[in-house]
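In: Just to be clear, the model below is a prediction. Sequence and coordinates:
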Amino acid sequence: MQICYRQIHDRVKRIATLGVLVLGLITSGCGSQQASPQPGFPEVAVVTVNPEQVVLMTELPGRTSAYFVAEIRPQVNGIVQERLFNEGSDVKAGSVLYQIDPAPYQAAYHNAAAALARSEANLPPIRLKAERFRELIALKAISQQDFDNAIAALKQAEADVEYSKATVESARINLAYTRITAPISGRIGKSNVTVGALATAYQTSAFATIQQLDPIYVDATQSSANLLQLKRNIAAGRIKGTGPDQARVKLLLEDGTPYPQEGTLKFSEVTVDPSTGSFILRMVFPNPKYTLLPGMYVRAVVQEGVVDRAILVPQQGISRDPKGNPVALIVDGSGKVEQRMITVARAIGDRWLVSEGLNPGDRLIVEGSQRIRPGASVKVVPLDAGRKDGSGTEKTVQPAAKAN
């Protein structure tokens with residue numbers, strides 16, 4: 001009996017010891033699940049800023065206009081007998097466009113020619129008489145008055161001949177004006193008159209208009225404020241303003257497609273429009289296929305200059321403070337976040353051209369800036385860390401092929 005009791009007591013003791021061990025293991029497991037790991041530094045992706053050479057280009061709105069424009073108007077009165085061109089066709093300088101009834105002008109020409117012949121026929125006997133009187137006056141065979149009258153009659157006859165010649169020339173010109181010709185080569189538009197219409201000399205409404213379209217002008221507008229800023233940058237040495245390519249201009253059509261031909265910058269207007277604060281830049285573009293028509297809206301891409309050591313950064317790496325000023329976050333040499341106030345000159349593609357605030361070699365934060373604050377320590381990770389084609393290195397800002 002005593003032995004049985006001792007065995008039961010030992011068994012209960014072993015079960016209690018086993019329960020304590022199991023409870024300790026369970027408590028240890030729960031404790032390990034509730035314990036949190038030590039927090040690490042937030043990860044950010046950066047790009048290393050490197051200077052590069054950038055060609056600064058500016059897009060300016062503009063309109064096309066014909067190189068030459070000639071409005072066809074009659075120079076004599078009459079009835080239009082014939083139209084000798086096809087509307088919308090190309091005409092050559094000197095080709096006949098309209099024919100006005102020449103009959104009255106032909107008669108006037110013949111009348112003037114006959115008057116000239118009469119004047120010329122009267123001139124020889126009067127000249128011979130004056131020469132005879134000159135010999136007689138030397139011999140004092142005639143009076144001085146008779147000699148003076150003979151000389152006066154000769155001068156009047158010569159004047160009549162000259163007057164008749166001028167009348168003939170005037171009649172010839174008016175007769176030639178009955179054939180209305182093209183003053184320039186180009187494309188002619190629609191005709192505003194038909195056969196049988198009455199033409200009035202130098203009338204206000206044109207018969208038709210000829211426009212030379214190859215080459216063609218492009219008149220673009222530029223802000224005078226932008227021009228002043230450009231001159232200041234050139235004077236400060238931030239932009240190179242010289243170069244043979246500055247006179248070359250490219251063009252974008254209304255639908256955004258580039259025009260295949262390059263143009264030439266001819267001149268800039270010397271007066272600023274007070275209502276818009278802008279002035280005109282005139283350019284000339286070849287137009288062999290007549291792709292450009294007068295009045296079309298285009299955008300001229302003009303080269304302003306070259307920046308040798310430009311700093312271009314991704315736009316995603318630049319934010320704005322509550323006042324709208326651009327702000328950049330960089331990682332300094334100790335791995336801490338530093339905030340920089342910067343100055344942005346312009347957008348070039350998907351990047352900002354930074355004029356002040358960033359230096360070559362700065363590591364600009366482009367991803368992960370939402371989880372950090374200035375002065376915090378961060379861990380720099382590759383920009384392509386979460387992508388399949390990640391390179392495992394920090395991304396460097398690559399030079400642009402050409403700035404737009």
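Out: Sure thing, it's come through.

In: Skipping its backbone neighbours, what lies nearest Gly94 in space?
Out: The shortest distance from Gly94 to any non-neighbouring residue, by C-beta to C-beta, 6 or more residues apart in numbering, is to Thr181 (5.5 Å). Glycine gets a C-beta too; all of them are placed from N, C-alpha and C.

In: Next, count neighbours for that neighbour.
Out: As a burial measure, Thr181 scores 16 neighbours (other C-beta atoms under 10 Å).

In: same deal with Val44?
Out: Count around Val44 with other C-beta under 10 Å applied: 24.

In: Spit out the contact partners of the residue nearest to Gly94.
Out: Taking C-beta atoms under 8 Å, 6 or more residues apart in numbering as the criterion, Thr181 is in contact with 94-97.

In: if you set the cut-off to 10 Å instead, what comes out?
Out: Thr181 makes contact with 72, 84, 91-98 under the criterion C-beta atoms under 10 Å, 6 or more residues apart in numbering.

In: Assign Leu128 to helix, strand or coil.
Out: Under DSSP: H, G, I helix; E, B strand; the rest coil, Leu128 falls in the helix class.

In: Just say helix, strand or coil for the residue most central in space within the chain.
Out: Most central in the chain under C-alpha atoms, centre = their mean is Ala300, positioned 1.9 Å from the mean C-alpha point. Here Ala300 is strand, with the state taken from three-state DSSP.

In: correct me, but it touches Tyr217?
Out: No - shown here, Ala300 and Tyr217 do not form a contact pair, counting by C-beta atoms under 10 Å, at 11.2 Å.

In: Show me which positions of the strand ranked longest in the chain end up buried.
Out: What stands out as the longest strand in the chain, according to DSSP state E, is strand 52-72. Residues of strand 52-72 classed as buried: 52, 54-58, 60, 62, 64-67, 70, 72 (neighbour count, 16 or more other C-beta atoms under 10 Å).

In: Sheet partners, orientation included, of that strand?
Out: When pairing is defined by DSSP bridges, strand 52-72 lines up against strand 208-223 (antiparallel), strand 297-314 (antiparallel).

In: Ranked by average pLDDT, which of those falls at the bottom?
Out: Ranked by mean pLDDT, the strands paired with strand 52-72 bottom out at strand 297-314, with a mean of 84.

In: Okay, now the unreliable bits of the stretch 201-350 of the chain?
Out: Within the stretch 201-350 of the chain, the segments meeting pLDDT under 70 span 226-227, 229-247.

In: quick one, helices of it?
Out: With helices called from DSSP state H, counting those that start in this stretch, the stretch 201-350 of the chain shows them at 224-236.

In: picking up where we left off before, bridging residues for the residue nearest to Gly94?
Out: Val96.

In: Against Leu265, how distant is it?
Out: 35 Å (C-beta to C-beta, to the nearest Å).

In: Now Tyr109: closest residue in space, sequence neighbours ignored.
Out: That would be Ala171: by C-beta to C-beta, 6+ apart, it lies 3.9 Å from Tyr109.

In: by contact count, what packs against the helix or strand hosting the one you found?
Out: Element membership for Ala171, per DSSP states H and E: helix 144-177. Applying 3 or more C-beta pairs under 10 Å, 6 or more residues apart in numbering; DSSP states H and E, one finds that helix 144-177 makes contact with helix 103-138.

In: between the helix it packs on and helix 144-177, how big is the angle?
Out: Orientation check (axes from the mean of the first three to the mean of the last three C-alpha atoms, to 10 degrees): helix 103-138 against helix 144-177 gives 160 degrees.

In: Who are the packing partners of helix 103-138?
Out: The helices and strands touching helix 103-138, judged by 3+ C-beta pairs under 10 Å, 6+ apart, are strand 78-83, helix 144-177.

In: and the shortest one, which strands flank it?
Out: The partner list of strand 78-83 in its sheet, established with DSSP bridges, is strand 96-100 (antiparallel), strand 198-199 (antiparallel).

In: Quick check: buried residues in the longest one?
Out: Think strand 96-100. Buried residues in strand 96-100, counting neighbours by 16+ other C-beta under 10 Å, are found at 97-100.

In: any idea of the mean pLDDT for that strand?
Out: For strand 96-100, the per-residue pLDDT values average out at 96.

In: again, but for the shortest one
Out: Averaging pLDDT along strand 198-199 gives 94.

In: And for that strand, what's in contact with it?
Out: With C-beta under 10 Å, 6+ apart as the criterion, strand 198-199 contacts 73-80, 98, 100-101, 177-178, 180, 193, 207.

In: tell me which residues form a beta bridge with the closest residue to Trp352 other than its chain neighbours?
Out: Nearest residue to Trp352, sequence neighbours excluded (C-beta to C-beta, 6+ apart): Val344, at 4.9 Å. Each beta-bridge partner of Val344 is listed here: Val354, as defined by DSSP bridges.

In: Val344 contacts Val354, correct?
Out: Yes - under the criterion of C-beta under 10 Å, Val344 makes contact with Val354 at 6.0 Å.

In: Between the strands paired with strand 78-83, which one is closest to Asp160.
Out: strand 96-100 (30.8 Å; C-beta to C-beta).

In: What are the contacting residues of the closest one?
Out: Applying C-beta under 10 Å, 6+ apart, the external contacts of strand 96-100 come out as 72, 74-85, 91, 177-183, 188, 191, 193, 195, 197-199, 207-208, 210.

In: Determine how far that strand lies from the middle of the whole chain.
Out: 39 Å (C-alpha atoms, centre = their mean, to the nearest Å).

In: Right, I'll call it a day here.
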